[in-house]
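Undergrad: model this:
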Amino acid sequence: MTIFIDTQISAPPSALQIEGQVNSMTELLDRLAERMGTSLAAIDEGGSITYIDLRERSRALARALARQGVTRGDRIGLLAGNGIDWLVVAFAGAAAGGTVVPFSTWSTSSELSFLITDAECKALFISSNFSGRDFTQDLAKLVPENGPRLISIGAGGNERFTPLNDFVAEGGADFIQAEADYDAMILYTSGSTSRPKGVRLTQSGVVENGLRIGDRMGLQPGDRVLLPVPLFWAYGGCNALPAAMTHGATLVLPSRFDASQALDLIERHHCTAIYTLPAITSSLLRHAEFRPARTESLRTGLTIGSPEDFRLASERLGIPELCNIYGATETYGNCAVTWHHWPVSRRASCQGPMLQGQMVRFRDPETGDLCPPGKTGLAEVSGRVSPGYFGQSESSNAEAFTKDEYYRTGDLGHLNNEGDFVFVCRATEMIKRAGINVSPAEIEDVLMQVSGVSEAAVTGVSNPARGELIVAYVVGEGLDCAEIEAHCRTSLSQYKLPDRIEITTSLPLTATGKLQRSVLRQMATDMIAQEVVL
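TA: You can find the predicted model right below:
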């Protein structure tokens, strides 16, 4: 049973009104340069760039890449923080027909060694000064002398690297025009495997999905979109970037997230949209200099999290048209997004209908049978999904993708009565309590309703008598476990009540602000085991 849902395919018309089909990032930038001209495409810590200048700079770099021999299918590595240079390299790689491979700036030398070997890049663009770290020093040791051409972004750098401007000044050659089915990016994402998986994303898929996401957000020319998350992450590079630019908006790009700087940027540039996460929202609200007036220019944006996480961002940050989302890197960042004009109650309780062109179905996790409407099951998505993994992770294709081209997300969810996607949890996160499934997210949402709780996380610990114990961790000020337990008893069924509630100063998060569920589970397991020994 295949279900395609879009309860409002006809979006309010975009003021940009780019005519005709746009099949690639290069075509998109060409149209924007013609229509938007001197409007700002991006603002970073060093300045700003117009759409027409972004096109000219990326074209010049594309010619230099063509001179270097880059053509269709060649990978172009990019290791740098958010900024205008990141955009120039990304658009240049697309124009040259190559595939841009952004690497995480949080990578260790060991991780970079694997990524560079796996990606087999023909050229590498590396930041010589990012957050106090000179990546050119690391890469000079990792890349053999006969390896890819090394180009440095920024002042300084290793002698093996050619400065970006010098590389362009060497001259260029004609480059090919990227087509719809060319791979625009390969994004490395962590998953169930021991090594990151290289996710292939096509030119047309990136542009089309970004357009649909921007429609759901209500983006328009003149909007300024703050992006405090990294462009090398799907939420940034294949969501925020194409969503903003298909609507003629301006990206505001801090090189990395800092709550004080983010508040300053929102005020200074009158940002109207933001890409946030529960951890980012919490950091902004808890900052000593936060005041509602500082974020009053925000109108729309995207976030993930529980209903309480959503309300916190929408109501306390003051984002009246904030959108809730669901997706994965393999589905071009997001495949379901709420409409910006819906009531807050509806946006908080679901992740919205599937984007136009995206399809979802659900399978019973026990039998593998397709689920009837409304029943929770393992979500499988088709439509705009990755054509497959690259490099070492290519061996995972048969496991991750069905023969009829659905991506197995590993997430539990269902469609509600309105046809909206409702995310339940990762299948591996479900707590088994005396044979009954308990969603950590449901308990976390109840905990977030307690006054003073700013963050909450729940995990299970194996127990012979109960199957699993439920352990909750909460972060906040002036909290009392007895009060929290009392609130839970009035809001949760008996079998969902936490066996332990621990007040802590922080939760284990990844560098991108996601909860490290495996670390949380180990923390709880170690705590319970120690108590048993004592």
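
Undergrad: Run through the stretch 401-534 of the chain and note the low-pLDDT ranges.
TA: Regions of the stretch 401-534 of the chain meeting the criterion pLDDT under 70 cover residues 434-435, 511-512, 532-534.

Undergrad: What are the contacting residues of the host helix or strand of residue 324?
TA: Using DSSP states H and E, residue 324 maps to strand 321-326. The contact list for strand 321-326 (Cβ atoms under 8 Å, 6 or more residues apart in numbering) reads 213, 216-218, 299-304, 310, 313-314, 334-341, 347-348, 350-352, 411, 413, 421, 423. For every residue, glycine as well, the C-beta is placed using N, CA and C.

Undergrad: Mind listing the strands it pairs with, and their directions?
TA: According to DSSP bridges, strand 321-326 forms sheet pairs with strand 300-303 (parallel), strand 336-337 (antiparallel).

Undergrad: Grab the most central residue of this structure for me.
TA: Residue closest to the mean C-alpha point of the chain, counted by Cα atoms, centre = their mean, is residue 235 at 2.3 Å.

Undergrad: what's around the nearest residue to it once chain neighbours are set aside, how many residues?
TA: With Cβ to Cβ, 6 or more residues apart in numbering as the criterion, residue 235 has its nearest non-adjacent residue at 5.2 Å, and that residue is residue 229. Residues lying near residue 229 (other Cβ atoms under 10 Å) number 25.

Undergrad: and residue 229, what does it touch?
TA: Counting by Cβ under 8 Å, 6+ apart, residue 229 touches 235, 236, 240, 257, 275, 277, 280, 512, 513.

Undergrad: Can you classify the closest residue to the fourth one other than its chain neighbours as helix, strand or coil?
TA: Counting by Cβ to Cβ, 6+ apart, the nearest residue to residue 257 once its immediate chain neighbours are dropped is residue 228, at 4.1 Å. Remark: residue 228 carries the secondary structure label coil [criterion: DSSP: H, G, I helix; E, B strand; the rest coil].

Undergrad: Let me know whether residue 453 touches residue 472 as I believe.
TA: No - counting by Cβ atoms under 8 Å, residue 453 does not reach residue 472; the two are 10.2 Å apart.

Undergrad: okay, and the common contacts of these two?
TA: Shared between the contact lists of residue 453 and residue 472 (criterion: Cβ under 8 Å, 6+ apart) are residues residue 447.

Undergrad: the more surrounded of those two?
TA: Higher neighbour count among residue 453 and residue 472: residue 472, with 25 against 20, using other Cβ under 10 Å.

Undergrad: Quick check, residue 428 in contact with residue 409.
TA: No - the criterion here is Cβ under 8 Å, and residue 428 misses it with residue 409 at 11.9 Å.

Undergrad: Dump stretch 354-368 to CSV, keeping only the CA atoms.
TA: Written as CSV, here are the backbone C-alpha positions of stretch 354-368 (Å, rounded to 0.1, in the frame of the first residue of the first chain):
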residue,chain,number,x,y,z
MET,A,354,4.6,14.6,2.8
LEU,A,355,6.1,17.1,0.4
GLN,A,356,4.8,17.1,-3.2
GLY,A,357,6.5,14.2,-5.0
GLN,A,358,7.3,12.3,-1.8
MET,A,359,5.5,9.1,-0.8
VAL,A,360,5.4,7.1,2.5
ARG,A,361,4.3,3.7,3.6
PHE,A,362,4.6,1.8,6.9
ARG,A,363,5.4,-1.8,7.7
ASP,A,364,4.7,-3.8,10.8
PRO,A,365,8.1,-4.2,12.6
GLU,A,366,7.2,-7.7,13.6
THR,A,367,5.6,-9.2,10.5
GLY,A,368,7.0,-7.0,7.8
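
Undergrad: CA atoms of stretch 77-93 as CSV?
TA: Output of stretch 77-93 as CSV, limited to C-alpha atoms (Å, rounded to 0.1, in the frame of the first residue of the first chain):
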residue,chain,number,x,y,z
GLY,A,77,36.2,17.9,-1.2
LEU,A,78,35.2,20.8,1.0
LEU,A,79,36.3,21.3,4.6
ALA,A,80,35.3,24.7,5.9
GLY,A,81,32.9,26.5,8.2
ASN,A,82,29.7,28.2,6.9
GLY,A,83,30.5,31.2,4.8
ILE,A,84,30.4,32.7,1.3
ASP,A,85,33.4,30.8,0.2
TRP,A,86,31.6,27.5,1.0
LEU,A,87,28.8,28.6,-1.3
VAL,A,88,31.2,29.6,-4.1
VAL,A,89,32.9,26.2,-4.0
ALA,A,90,29.6,24.4,-3.9
PHE,A,91,28.1,26.2,-6.9
ALA,A,92,31.4,26.0,-8.8
GLY,A,93,31.6,22.2,-8.3
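
Undergrad: buried stuff in it?
TA: Using 16 or more other Cβ atoms under 10 Å as the test for burial, stretch 77-93 gives 77-93.

Undergrad: mind giving me the domain ranges of the chain?
TA: Structural domains annotated on the chain: 25-349, 359-426, 430-533, as defined by automatic domain parsing.

Undergrad: where in the protein is pLDDT low?
TA: 1-20, 156-157, 191-194, 434-435, 511-512, 532-534.

Undergrad: Next, count neighbours for the closest residue to residue 350 other than its chain neighbours.
TA: Closest residue to residue 350 apart from its sequence neighbours, by Cβ to Cβ, 6+ apart: residue 420 at 3.9 Å. Neighbours of residue 420 under the rule other Cβ under 10 Å: 24.

Undergrad: Tell me how far residue 420 lies from residue 27.
TA: For residue 420, the distance to residue 27 (Cβ to Cβ, to the nearest Å) stands at 32 Å.

Undergrad: And stretch 158-172, end to end?
TA: Distance across stretch 158-172, first residue to last, is 24 Å (Cα to Cα, to the nearest Å).

Undergrad: Buried residues in it, which are they?
TA: Neighbour-count burial for stretch 158-172 [16+ other Cβ under 10 Å]: 158, 161, 162, 163, 164, 167, 168, 172.

Undergrad: now swap in stretch 513-532 and tell me
TA: Buried positions in stretch 513-532, judged by neighbour count with 16+ other Cβ under 10 Å: 513, 515, 517, 520, 521, 523, 524, 525, 528.

Undergrad: what do you get for stretch 124-143?
TA: 124-130, 134-136, 138-140, 142-143.

Undergrad: Run through the residues that contact the residue nearest to residue 257.
TA: Applying Cβ under 8 Å, 6+ apart to residue 228 gives the contacts 254, 257, 262, 274, 275, 276, 280.
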